[in-house]
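> structural data only, the sequence is not supplied:
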């Protein structure tokens, strides 16, 4: 048995959860934030049989899509000059999902 930690953007959360539930995966969901842009994420937990890990990952990929490049304004601090703060356009990737799969030593359901 494996424990999957699945971190998705809130934009993709309902699609991912619904698709996984439709395929009989059980999900626990936590609202989280973090990452580079401090935007809302959802962290999903799911214990799955070893043979079902690839199936779950494929479902997540289909619902989250590919990472996309977007342009954001990044703050820059210049402490040694009269200019204290400015921004510069920076391209970053957003979207997709982060998935961590670990072994489960023991799993009980009451």
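Received it, and whenever you're ready, just let me know what you need. What you see is a predicted model; the values in this text were computed from it and never measured.
> neighbours of residue 100, just the number please.
Applying other CB atoms under 10 Å, we find 10 residues neighbouring residue 100. Placement of C-beta: from N, CA and C, glycine included.
> enumerate every residue touching it.
Applying CB atoms under 8 Å, 6 or more residues apart in numbering to residue 100 gives the contacts 4, 5.
> what pairs with it across the strands?
residue 5 (DSSP bridges).
> per-residue pLDDT, it?
Residue 100 carries a pLDDT score of 96 in this model.
> ok, residue 25 touching residue 47?
No: Residue 25 is not in contact with residue 47 according to CB atoms under 8 Å; the separation is 9.2 Å.
> what are the contacting residues of stretch 5-23?
By CB under 8 Å, 6+ apart, stretch 5-23 touches 27, 29, 31-32, 39-46, 55-56, 59-60, 62-65, 94-95, 97-102.
> chain neighbours aside, what residue packs nearest to residue 29?
residue 44 (5.4 Å; CB to CB, 6 or more residues apart in numbering).
> in which helix or strand would I find the one you found?
strand 39-48 (DSSP states H and E).
> mind checking how far residue 7 is from residue 56?
14 Å (CB to CB, to the nearest Å).
> cool, residue 12 as well?
Distance of residue 12 to residue 56, computed by CB to CB: 15 Å.
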